[in-house]
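Participant: Mind folding the following:
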Amino acid sequence: MNDALAGRLWDAWRSGTALEATPSALAPGLDLDAAYAVQRAIAGRRTADGERGIGWKVGLTGAVEPRPPGGPIYGRLLSGMVAAELEPIDAGRMHEPEIEAEIAFVMGRRLDGPGVTIADVLAATRGVMPALEIIASRWRGEGATHDFVADNAASAHVVLGGRLVSVEDIDLRLTGMALWHGDGRLLATGAGARVLGHPAQAVAWLANALGAHGEPLEAGDVVLSGSLAAALPVRSGDTFAAELAGLGTVSARFA
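Facilitator: From the prediction side, this is the model:
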């Protein structure tokens, strides 16, 4: 089941055509453990095609927008998901894409769960930077938590911006965010405390969740800690810029 479903989801991503049913409808009996196995299988297919793992994302942090119950969840970041600032991203090849502004952590040393705390995360972090994540499911319809997990937590692309800022120089709970459209409209605001009370708590949760399966957070890993405001729809021709206090700005453009 895992390999077959992973193949269908990966083919949907490469073709830009969403599946007509959720992963759990395509694979009856899919539970959370099986969904993570599907996620690993998709990552395996991508690395076999020449990509490399660069880190992780935390989703369903419950910060703002209504989501299926059961979060948080995590997904994997692959090198082919990274877009440079203002590099055109093809919105037409994604199903109902949305954009989220986040704080990205870059790990300075390895973290092994369980038992990882916020203090451990901050001590192990090389620096933080602003990020935009583009999410888009590879299937149609309303899904449950394990559907999103199987679909790599709906992660499609990530844009990293600004410079690395030491966590010693900033209180991430109070880091404010403003997300602007290219036409000058202010679309959303938020702050770090909207992510589990502290963005580093999301990274600690991730380290502990991975540790339960014998997987560490490695030095150099990029971790998207969760959206600071509700996800917003993306259309071809849109541009966005997020400004995070003390961290700088990051921009994305869609073709």
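Participant: Show the contacting residues for Arg200.
Facilitator: To be clear, residue 200 is Ala; Arg isn't right here. Contact partners of Ala200, counting by C-beta atoms under 8 Å, 6 or more residues apart in numbering, are Phe105, Ile118, Val121, Leu122, Thr125, Val167, Leu172, Ser225. For the C-beta atoms, the positions are set from N, CA and C on the backbone; glycine is no exception.
Participant: how about it, secondary structure?
Facilitator: helix (DSSP: H, G, I helix; E, B strand; the rest coil).
Participant: Now the phi/psi pair for Leu217, please.
Facilitator: phi -80, psi 130 (degrees, to the nearest 10).
Participant: coming back round to it: narrow the contacts of Ala200 to those in strands?
Facilitator: Judged by DSSP state E, strands contain the following of those: Phe105, Thr125, Ser225.
Participant: now, among these, which is nearest to Ser24?
Facilitator: Ser225 (27.0 Å; C-beta to C-beta).
Participant: Quick check, the closest one in contact with Ala202.
Facilitator: Yes - taking contacts as C-beta atoms under 8 Å, Ser225 lies within contact range of Ala202: 4.3 Å.
Participant: Overlap in contacts, these two.
Facilitator: Residues touching both Ser225 and Ala202 (C-beta under 8 Å, 6+ apart) are Val58, Thr61, Val195.
Participant: Skipping adjacent residues, who's closest to the last one in space?
Facilitator: Distances taken as C-beta to C-beta, 6 or more residues apart in numbering place Gly226 nearest to Val195, at 4.1 Å, with adjacent residues excluded.
Participant: Counting neighbours, what do you get for Val106?
Facilitator: Val106 has 17 neighbouring residues, counting by other C-beta atoms under 10 Å.
Participant: Roughly how far does it sit from Val195?
Facilitator: 17 Å (C-beta to C-beta, to the nearest Å).
Participant: Could you do Ala25 as well?
Facilitator: 31 Å.
Participant: Mind checking which of those two has more residues around it?
Facilitator: Val195 (27 against 14).
Participant: was I right about that one contacting Ser227?
Facilitator: Yes - contact status for Val195 versus Ser227: in contact at 7.5 Å, counting by C-beta under 8 Å.
Participant: Just the element for the residue nearest the centre of the chain, please.
Facilitator: Geometric centre of the chain, nearest residue: Lys57, 3.6 Å, by C-alpha atoms, centre = their mean. According to DSSP states H and E, Lys57 maps onto strand 53-59.
Participant: The helix or strand following that strand packs against which elements?
Facilitator: Heading C-terminal from strand 53-59, the first helix or strand you meet, by DSSP H and E, is strand 73-78. On a contact count with 3 or more C-beta pairs under 8 Å, 6 or more residues apart in numbering; DSSP states H and E, strand 73-78 meets helix 32-48, strand 53-59, helix 145-150, strand 155-160, helix 199-211.
Participant: run the last query once more with 10 Å
Facilitator: helix 32-48, strand 53-59, strand 125-135, helix 145-150, strand 155-160, helix 199-211, strand 222-227 (3 or more C-beta pairs under 10 Å, 6 or more residues apart in numbering; DSSP states H and E).
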